[in-house]
Structure formats: C-alpha cells, structure tokens
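Build me a structure from this.
(one chain, ligands or ions: 1)
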Amino acid sequence: AEQTMGKWGEYVTVEFDEGIAWVTLNRPKQRNAINPGIVWEMNAIMDALEEDERCKVMVVTGAGESFSAGMDLKEYFRATDKVPPIQRERLFRANAAWQWRRMMYYPKPTISMVNGWCFGGAFQFLVGCDLAIASEEAIFGLSEINWGIIPAGIVTKSVLETMSFRDAMYYIMTGETFNGRQAAEMKLVNKAVAPEDLKEETRKLAMTLTGKNPFVLRQAKTACRFTRDMSWEQAGEYLMAKSDQTELRDPENGRNVGMSQFLDEKSFRPGLGAYRR
Ligand code: ACO
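You can find the predicted model right below:
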C-alpha cells in the first residue's frame with residue numbers, strides 16, 4: 001500500500017497492535033505542529049488504513065509532550081503566503097480532507113488520544129475523530145485570537161458542535177487555556193484520565209470497538225454524522241433506509257446471528273455485550 005498511496009514515516013508513524021492502528025504525529029521538537037509533510041502523510045495513511053485489515057480502529061495521538069500545537073505558523077502559513085493561490089488552496093484542501101472532511105466519515109472508528117498540548121487547528125481532528133480521551137494534564141487552547149486570527153479552517157464550527165455556546169464563545173474570545181479534566185466536563189472529550197493511564201484506557205476503549213461488527217459500526221457512526229443536520233421527518237426516513245441497507249449488506253448477517261444467539265441458543269445477552277463473531 002505504501003508504494004501506491006504515497007509514503008509516510010518521516011512526520012507521522014503508524015504502529016499496529018491487536019487491531020489498533022496507533023497513528024502518531026511525530027514532530028515532537030515542533031510540538032507536532034501541522035506542516036505540509038504531516039498533511040500529505042496523513043492523507044496517505046488514511047488511504048492505506050481504510051483497506052488494511054490490521055486497522056480496525058484508528059487512534060490519533062502525538063509524540064512527546066504534545067498532541068499538536070495546531071497549524072505550523074512557519075511552514076503552513078508564512079511559507080504559503082507568497083505561493084500561487086492554486087498551490088495554497090491545494091494544501092489547505094488536503095488538510096481539510098484528513099482533519100475533518102474524510103475523518104468525519106471515515107469507514108473505521110477513530111479516537112483522539114490527547115496526550116498534551118492541543119491548540120487551534122488541532123481541534124479540527126480532535127472533533128473530527130468519533131471519540132476522544134485526554135490526559136487530565138493536557139492543555140487545550142483556542143489560541144487564534146492571541147496571535148490575531150479567527151479560528152478558521154473549520155475550527156469555529158467544530159467547537160460549536162461539541163462545546164456549549166457559552167464555552168465556545170468564552171474560549172474563542174479569551175484564548176484562555178483549559179486542561180483535560182475541564183475538557184471532559186465540557187464534553188469536548190469523552191473522558192480525562194491520569195497521564196500514566198492514558199494509553200491503557202485508550203486501548204480498552206479501542207478493544208471494545210474491535211469486538212463489534214465492523215460494518216454495523218460504520219453504518220452507526222455514519223448515521224450519527226448525517227442525522228445531526230436533518231429534520232425529524234428526514235431522519236426517520238433516512239434511518240429506516242440506512243437500517244435496511246445495513247441488514248441487506250452486512251457480510252456477517254449480524255442481526256440474525258445476534259438474535260439467534262439470544263433467543264435460540266440463549267448464549268449471550270445483548271444488553272450486556274456484543275454477540276460472538
Ligand atoms: N507553529 C510553528 N512552530 C511551532 C508551533 C506552531 N504552531 N508550535 C511550536 N512551534 C515550535 C516553536 O517555534 C519552537 O521552535 P524552535 O525550537 O525552532 O524555536 C518549538 O516548536 C518549541 O516551541 P516552544 O514555544 O519553545 O515550546 P514550549 O514547550 O515552551 O511551548 C507551546 C509549547 C505552548 C505549544 C508553544 O510552542 C506555543 O504556544 N505554540 C503555538 C500554539 C498555537 O497557538 N498554535 C496555533 C494555533 S492557531 C491554528 O492552528 C490555525
């Protein structure tokens with residue numbers, strides 16, 4: 001896959017372990033600021049992982065003390081101020097692709113593991129991922145206002161989707177930082193844990209997901225993304241159609257297998273865990 005899809009490994013590393021693909025932004029000296037190298041490598045990685053059997057869940061994290069210090073002010077912004085607009089737009093488009101356009105509808109479940117600094121543009125893929133776990137000590141900030149820009153890309157929209165309106169306005173306008181524990185209270189992340197437990201807690205969550213029927217998981221997360229902006233009537237119609245599509249296309253025939261294990265074999269209880277696959 002690496003040959004046809006573009007290479008990675010210089011700015012982002014991938015490790016496989018029991019169905020989990022640990023994708024690590026790897027510019028620790030620059031606090032994992034997003035440069036064009038990360039943009040191209042992340043797109044290549046997402047192309048490859050969607051077909052790679054070793055990846056059932058994708059975890060995105062950062063090397064060293066940072067998740068990501070946002071967009072690289074030097075390589076992503078200053079260096080592109082003078083290039084032909086088409087080239088700049090191509091880079092920005094590729095960045096939007098991995099950080100949210102593709103990420104939101106990625107066929108496999110995605111988790112952000114926020115291990116440290118998380119600023120500005122990092123909120124795009126933080127929110128783009130389906131789930132997020134943070135170290136209690138991670139530091140978050142919408143620092144755009146501090147250096148004279150607005151949270152663009154899609155940051156403002158991402159923040160409004162996940163934080164309350166008051167919290168979003170407060171942090172966008174003040175640029176104040178908050179920690180992982182506060183992020184969990186605001187529900188910007190699912191939970192915050194002690195730094196030494198972060199990897200294990202993330203692994204546990206990922207393993208819960210690897211135990212589920214992968215096709216139905218994909219259908220369920222896609223339905224969440226699309227239903228959000230629909231009316232009740234549209235959502236009702238769409239979800240019934242999506243449910244029929246799921247039943248017809250599920251290679252595991254999960255619905256009937258699960259029903260049979262519960263009703264006929266009495267070998268599992270759906271209320272308490274996934275059916276045997
Ligand atoms: N863009 C470019 N370079 C960066 C970035 C960034 N976003 N963040 C850190 N770096 C570089 C620094 O320039 C420095 O480079 P140098 O070693 O060549 O001097 C190196 O990473 C280390 O940075 P320090 O500031 O020395 O590290 P420290 O641990 O003291 O602070 C912190 C870390 C708080 C993350 C700080 O680097 C910082 O404020 N970074 C910018 C955060 C930010 O506002 N990001 C942009 C958000 S807006 C957007 O994404 C659109």
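
And the residue of the stretch 101-250 of the chain closest to the ligand?
Among all residues of the stretch 101-250 of the chain, Gly120 sits closest to the ligand, at 2.3 Å; criterion: C-beta to the nearest ligand atom. In this view, the C-beta of every residue, glycine as well, is placed from N, C-alpha and C.

quick one: that residue and Val23, what's the gap?
Separation of Gly120 from Val23 (C-beta to C-beta, to the nearest Å) stands at 20 Å.

who in the chain is up against the ligand?
30-31, 33, 69-74, 117, 119-121, 143-144 (C-beta under 6 Å from any ligand atom).

ok so, going back, Provide a list of residues in contact with the residue of the stretch 101-250 of the chain closest to the ligand.
Ala69, Gly70, Met71, Gly141, Leu142, Ser143, Glu144, Pro151, Val155 (C-beta atoms under 8 Å, 6 or more residues apart in numbering).

Equivalent analysis for Ile133, please.
Applying C-beta under 8 Å, 6+ apart, the residues near Ile133 are 111-114, 189-193, 198, 201-202, 205.

residue contacts, the residue sitting nearest the centre point of the chain?
The residue lying closest to the centre of the chain (C-alpha atoms, centre = their mean) is Cys129, at 1.6 Å. Going by C-beta under 8 Å, 6+ apart, Cys129 touches Val60, Met103, Thr110, Ile111, Ser112.

who's in contact with the helix ranked longest in the chain?
Ranked by residue count, the top helix of the chain under DSSP state H comes out as helix 232-249. Outside of helix 232-249, the residues within contact range by C-beta under 8 Å, 6+ apart are Phe215, Val216, Gln219, Thr222, Ala223, Phe226, Thr227, Met230, Arg255.

and Thr13, bridged to which residues?
Taking DSSP bridges as the rule, Thr13 bridges to Thr24.

distance of it from Ala194?
Thr13 is 25 Å from Ala194, by C-beta to C-beta.
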